[in-house]
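*Asks:* Got a predicted model here, sequence first, then my questions.
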Amino acid sequence: MNSGASEDGGRKEYFGESNAPVTTVAPGANIQSSFRRVALSITSVLPNGDVLHAGVLNAIDARLIEQVKKKQVRIAVIGMGHVGLPTALGFASMGWTVLGVDSSESLVSMIQAGKVPFYEPGLDDLLKRQLGKNFLPVSDMDQAIREATILFLCVGTPQKENGQADLSQVEAAARSIAHNLNGYKLIVEKSTVPAITAQWICRTIRRFATNGRAKLDFDVASNPEFLQEGVALKNISRPERIVCGVESERARRIVEEMYRPVPARLLITGTSTAEIIKHAANSFLSMKISFINMVADLCDAIGADVSQVAEGIGADPRIGHGFLQAGIGFGGYCFPKDLRAFIYLAEEYGIDFSLLKQVEAINEKRTEMFIKKLRNALWVLHDKTIAVLGLAFKAGTDDTRESPGLRIVDALRKEGATLRLHDPKAIPLLKKVLVEEEGKLTYCDSPYAAAANAQALLVLTDWAEYRLLDWARLHELMELPLIVDGRNLLDPDTIREAGFEYISIGRPAR
Ligand code: UGA
């Protein structure tokens with residue numbers, strides 16, 4: 001992300017006016033057609049029955065909008081994790097004064113010391129540039145709420161055993177807001193939450209407010225994040241779209257002003273619609289991955305090439321090339337959890353979304369599919385020395401939450417294999433949960449160290465640097481030259497020419 005105005009291919013990164021369209025979607029409207037440029041004088045009906053007449057604001061609200069335009073109000077971002085910290089720094093670099101707050105004092109101290117608590121490319125530089133200038137990390141939640149007018153909720157929404165989203169952190173934040181309402185607040189939910197959470201936040205604030213109903217002056221908006229770990233800063237500075245669910249003209253005007261400089265389409269909806277857009281997007285992308293994974297299995301059985309199938313179907317713009325990379329399945333903190341929460345939400349409303357249950361079931365079977373491939377090549381896995389390259393759930397992050405690679409590591413440990421693990425970023429964090437075990441599990445500081453005397457080398461994360469390894473050297477180091485590529489990362493010809501037996505997913509052994 002740039003710190004100042006910059007031009008790239010005719011598009012601006014932050015700063016300066018954007019000509020991107022603002023679109024309001026009334027309930028039942030066709031979303032595709034709604035992406036046309038529409039005039040701001042639009043009138044639309046919100047899900048709660050209110051009618052939005054753009055341009056109709058009382059004098060106090062008009063003054064508030066002027067203050068927002070001039071960035072004279074402060075933003076507080078509650079929750080300094082993978083979503084909150086990049087979001088806070090994104091607004092800080094747009095010129096807003098942003099308070100970053102978290103209930104973990106140690107996390108706040110770390111950020112105050114200029115350290116990013118997780119790996120996200122470019123974030124440490126951005127923190128250095130904004131810390132103490134536009135970005136102020138604080139641990140006093142009450143004070144941050146009182147000092148800010150716009151409050152972004154970026155707290156965690158983990159899942160419960162039954163798949164339901166655990167919204168206790170969202171509820172706790174709503175109660176803190178209720179206790180500190182000292183003037184108008186726009187509460188913007190950014191965490192991924194199930195539909196009608198915004199309505200619950202609203203209700204909770206009304207219920208717990210301690211300063212009397214007369215002074216209750218707030219709006220709740222839903223502005224789901226579409227950040228991908230590893231490219232979060234690009235997603236913030238040049239998003240593909242911005243979705244904002246609002247229930248009042250005032251909230252709508254504020255979010256329009258806030259996002260005016262960002263070169264992206266702003267889609268204005270009701271809050272429940274915005275919440276569903278987020279869950280539906282993640283579920284749809286997961287569905288694409290499970291679909292291509294099943295096609296890969298069919299390709300394996302028939303001797304066809306799934307990469308070419310993906311290329312062929314992706315060329316149809318109705319399908320698109322994205323998220324058609326076959327492999328060991330999807331992981332991370334978002335897809336598995338959001339998929340389950342969406343299934344749970346549908347069930348709560350009596351809707352049988354078995355399509356998504358299949359998406360999940362297919363994903364869960366990818367570990368078994370991969371172990372089977374390895375077993376077909378090596379026969380017995382007990383006491384085999386296996387080099388594992390990549391433990392993060394995908395490239396560009398040190399995050400191993402719900403990592404498909406870790407599921408495979410678990411399965412191999414149960415088989416009694418000896419594991420030599422490498423990952424360019426994930427190991428320091430991973431060491432805290434998966435401890436080294438002499439002769440059984442060893443962390444290695446290079447792919448070459450991991451490959452020493454190994455009888456198989458597995459590629460489980462799509463780190464670009466693994467494409468550029470010295471194959472001749474690896475060949476020499478390994479006892480058996482066998483590579484099983486769970487991400488279809490490597491070029492089959494290069495690897496086979498280097499003398500390896502090479503197995504990948506849905507690509508024929510030529
Ligand atoms: C995902 C979404 O892509 C973001 O838009 C969303 O904002 C985010 O979740 C969230 O809800 O916070 P992220 O979890 O960072 O982002 O990761 P993705 O890049 O979407 O990858 C998810 C998993 O799918 C990874 O394990 C990846 O390796 C796998 N994947 C992805 C495939 O197996 N095949 C593909 O073609 C693409």
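*Replies:* Nice, thanks for sending it over.

*Asks:* At the contact with the ligand, which residues of this structure appear?
*Replies:* Within the chain, the positions adjacent to the ligand are 192, 225-229, 282, 285, 289, 323-325, 327, 330-332, 334-335, 338, 393-394 by Cβ under 6 Å from any ligand atom. The C-beta positions use only the backbone N, C-alpha and C, and glycine is treated the same way.

*Asks:* please redo it, this time with the cut-off set to 5 Å
*Replies:* 226-229, 289, 323, 325, 327, 330-332, 334-335, 393-394 (Cβ under 5 Å from any ligand atom).

*Asks:* Just the buried residues out of the residues you listed, in ChimeraX syntax.
*Replies:* To isolate the buried members of the residues of the chain next to the ligand in ChimeraX, using 16 or more other Cβ atoms under 10 Å:
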select :226,227,229,289,323,325,327,330,331,332,334,335,393,394
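
*Asks:* Inside helices: which ones of the residues of the chain next to the ligand?
*Replies:* 289, 335 (DSSP state H).

*Asks:* in its sheet, what does the helix or strand residue 266 falls within sit against?
*Replies:* In this assignment (DSSP states H and E), residue 266 forms part of strand 265-269. Strand pairing for strand 265-269, determined by DSSP bridges: strand 22-24 (parallel), strand 241-245 (parallel).

*Asks:* Which of those has the lowest mean pLDDT?
*Replies:* If you rank these by mean pLDDT, strand 22-24 sits at the bottom with a mean of 59.

*Asks:* between the residues of the chain next to the ligand, which is nearest residue 133?
*Replies:* Ranked by distance to residue 133 (Cβ to Cβ), the residues of the chain next to the ligand are led by residue 227 at 22.7 Å.

*Asks:* Which residue is the nearest non-sequential neighbour of the closest one?
*Replies:* Closest residue to residue 227 apart from its sequence neighbours, by Cβ to Cβ, 6 or more residues apart in numbering: residue 235 at 4.7 Å.

*Asks:* which residues touch residue 200?
*Replies:* Applying Cβ atoms under 8 Å, 6 or more residues apart in numbering to residue 200 gives the contacts 167, 171, 174.

*Asks:* Looking at the residue of the stretch 351-500 of the chain found nearest the ligand now. What's its pLDDT?
*Replies:* Residue nearest to the ligand within the stretch 351-500 of the chain: residue 394 (3.6 Å; Cβ to the nearest ligand atom). Looking at residue 394, its pLDDT is 97.

*Asks:* That one against residue 461, yeah?
*Replies:* Yes. Assessed by Cβ atoms under 8 Å, residue 394 is found in contact with residue 461 at 6.5 Å.

*Asks:* count of neighbours near residue 264?
*Replies:* Residue 264 is flanked by 16 other residues according to other Cβ atoms under 10 Å.

*Asks:* tell me the SS of the residue nearest to it when sequence neighbours are not counted?
*Replies:* Nearest non-adjacent residue to residue 264, counting by Cβ to Cβ, 6+ apart: residue 239, 4.5 Å away. The three-state label given to residue 239 by DSSP: H, G, I helix; E, B strand; the rest coil is coil.

*Asks:* The strand holding residue 266: how far from the chain's middle?
*Replies:* Here the centre of strand 265-269 is set off from its chain's centre by 20 Å, with Cα atoms, centre = their mean, to the nearest Å.

*Asks:* got the CA positions of that strand in PDB?
*Replies:* Presented in PDB, the C-alpha positions along strand 265-269 are these (Å, rounded to 0.1, in the frame of the first residue of the first chain):
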ATOM      1  CA  ARG A 265     -17.500   0.100  -6.500                       C
ATOM      2  CA  LEU A 266     -19.400   0.800  -3.300                       C
ATOM      3  CA  LEU A 267     -22.500  -1.400  -3.000                       C
ATOM      4  CA  ILE A 268     -25.000  -0.100  -0.500                       C
ATOM      5  CA  THR A 269     -27.400  -2.700   0.900                       C
END
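
*Asks:* Now do the one helix or strand residue 407 maps to: everything it contacts.
*Replies:* Remark: residue 407 resides in helix 404-415, with elements defined by DSSP H and E. With contacts defined as Cβ under 8 Å, 6+ apart, helix 404-415 is touched by 327-331, 366-368, 370-371, 381-382, 386, 388, 390-393, 400, 419, 421, 434, 440-441, 458, 460-461, 486.

*Asks:* go on, stretch 177-189?
*Replies:* Outside stretch 177-189, the residues that touch it by Cβ under 8 Å, 6+ apart are 64, 142, 145-146, 148-153, 170, 174, 197-198, 201, 204-211, 215-223, 250-251, 254-255, 271, 275.

*Asks:* Just the ones of those in strands?
*Replies:* Among the contacts of stretch 177-189, the subset assigned to strands under DSSP state E consists of 150, 151, 152, 153, 218, 219, 220, 221, 222.

*Asks:* any chance you could read off phi and psi for residue 352?
*Replies:* In terms of degrees, to the nearest 10, the main-chain angles of residue 352 are phi -90, psi 100.

*Asks:* Ignore what I typed, I meant residue 188.
*Replies:* Main-chain torsions, residue 188, degrees, to the nearest 10: phi -110, psi 120.
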